[in-house]
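1. Quick one: sequence plus predicted model below, questions after.
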Amino acid sequence: MEVNADNRKLAPYFGAGFGSMIALVAFCVLSSACYSNTLDAGKILIGVGAILCPLLAITCTYGILSLIGSRVNSLLFVMPFLIMGIEVQLFCFGTAIAMALTYLFQLILFGPTLAIATEAEQRKSNDEEGPSKWRIQADRISRFVFRVHCNIVSREYIAVFILIATLFYWYYSFNVWKENLILTVFVNTHFNMTDRYLTTQFWDVLKELETLPHCKGPTSSYVWFRNFVNEYAKSEQDYPYEEVVDPSRLDTFFKNDRYHFDTSVKLKRLE
């Protein structure tokens with residue numbers, strides 16, 4: 001399975017997500033252990049188990065999708081942010097597999113890890129020590145914050161405000177602005193892409209369309225033919241009139257492109 005260059009650019013964000021998860025787990029486990037005066041080797045095992053379960057679930061999901069021939073694209077790398085994007089079925093399928101594997105690893109990996117860590121906690125709990133001053137102060141602060149929070153959320157006008165804000169959110173989330181609707185143009189007639197006269201006509205029509213008033217131009221258009229020509233010509237022209245087109249590379253292009261143009265293109269090869 002091939003992952004194209006644009007998807008590789010997501011590697012830093014992918015790594016940052018895993019790094020943030022590891023840092024959060026380590027902070028939560030260590031801070032709670034320090035507060036409860038139960039810091040021991042068992043907490044390290046708990047942290048490792050909490051990190052390994054999602055890591056193994058996600059990496060195994062990518063492996064399973066690769067084995068069955070599905071594409072591991074940018075949508076799966078950035079799952080929470082592109083739920084309403086293209087290939088939502090692939091997103092749901094990948095998420096379902098990852099969640100199922102997470103439950104499995106919680107049972108066969110994290111459960112035994114907790115049992116092993118409990119032994120160290122039991123030995124530590126036999127040492128009777130009084131709470132230190134900073135723990136008493138931290139407990140007082142947390143209780144004060146908790147009381148203030150409860151006093152705020154228990155008031156009626158706060159509940160009314162939250163309800164109104166929720167209704168506004170629902171209204172605007174279901175309201176689709178016409179400016180967000182994307183124009184899709186299908187060309188239903190075959191044309192010979194090696195014919196310079198026909199390709200010139202194509203670029204002329206595309207240029208006329210993208211220069212209309214209120215049009216954002218080529219930067220907001222997804223045209224497979226332009227992407228194909230520029231990719232193999234190593235250029236970034238908006239309208240590559242003079243570039244030579246090689247149809248023999250179409251199969252490779254459609255196999256690796258990130259926009260899935262192959263779902264809307266029908267090729268006809270002349271013998």
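-> Right, received. Where do you want to start? As the structure is a prediction and not an experimental result, all values here were calculated from the model.

2. check which helix or strand covers G42.
-> helix 41-67 (DSSP states H and E).

3. buried ones in that helix?
-> Using 16 or more other CB atoms under 10 Å as the test for burial, helix 41-67 gives 42-51, 53-54, 56-58, 60-62, 65. (Glycine included, C-beta is placed from N, CA and C.)

4. what about the closest residue to S221 other than its chain neighbours, neighbour count?
-> Leaving out its chain neighbours, the residue that sits closest to S221 by CB to CB, 6 or more residues apart in numbering is E210, at 6.0 Å. Applying other CB atoms under 10 Å, we find 17 residues neighbouring E210.

5. now stretch 228-240, how far from the centre of its chain.
-> 29 Å (CA atoms, centre = their mean, to the nearest Å).

6. start to end distance for that stretch?
-> Counting by CA to CA, to the nearest Å, you get 11 Å between the two ends of stretch 228-240.

7. what do you get for stretch 34-42?
-> In stretch 34-42, first residue to last residue: 13 Å (CA to CA).

8. quick one: low-confidence ranges for the stretch 101-250 of the chain?
-> Within the stretch 101-250 of the chain, the segments meeting pLDDT under 70 span 121-131, 176-182.

9. any idea where the helices of it begin and end?
-> 111-125, 133-153, 156-174, 196-210, 224-233, 250-256 (DSSP state H, counting those that start in this stretch).

10. who wins for proximity to V25 among those?
-> The minimum distance between V25 and the helices of the stretch 101-250 of the chain falls on helix 111-125, with 12.8 Å, by CB to CB.

11. that older thread, which one of the helices of the stretch 101-250 of the chain is the most hemmed in?
-> Comparing the helices of the stretch 101-250 of the chain by mean neighbour count (mean count of other CB atoms under 10 Å), helix 224-233 ranks first with a mean of 18.

12. what's the angle from it to helix 196-210?
-> Using axes from the mean of the first three to the mean of the last three CA atoms, to 10 degrees, the direction of helix 224-233 lies 120 degrees away from that of helix 196-210.

13. Next, the residues that contact helix 224-233 from outside, please.
-> Applying CB atoms under 8 Å, 6 or more residues apart in numbering, the contact partners of helix 224-233 are 193, 202, 206, 218, 235-240, 243-246, 249-250, 253, 257, 259, 261, 264-265.

14. Are any of those residues buried, and if so which?
-> Taking 16+ other CB under 10 Å as the criterion, what is buried in those is M193, F202, L206, P218, Y239, P240, E243, V245, L250, F253, D257, F261.

15. Make JSON lines out of these and add distance to F27.
-> Compiled in JSON lines, the buried ones among the contacts of helix 224-233 are given as follows (distance: CB to CB, whole Å):
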{"residue": "M193", "distance to F27": "56"}
{"residue": "F202", "distance to F27": "56"}
{"residue": "L206", "distance to F27": "52"}
{"residue": "P218", "distance to F27": "46"}
{"residue": "Y239", "distance to F27": "53"}
{"residue": "P240", "distance to F27": "52"}
{"residue": "E243", "distance to F27": "53"}
{"residue": "V245", "distance to F27": "55"}
{"residue": "L250", "distance to F27": "51"}
{"residue": "F253", "distance to F27": "46"}
{"residue": "D257", "distance to F27": "41"}
{"residue": "F261", "distance to F27": "44"}
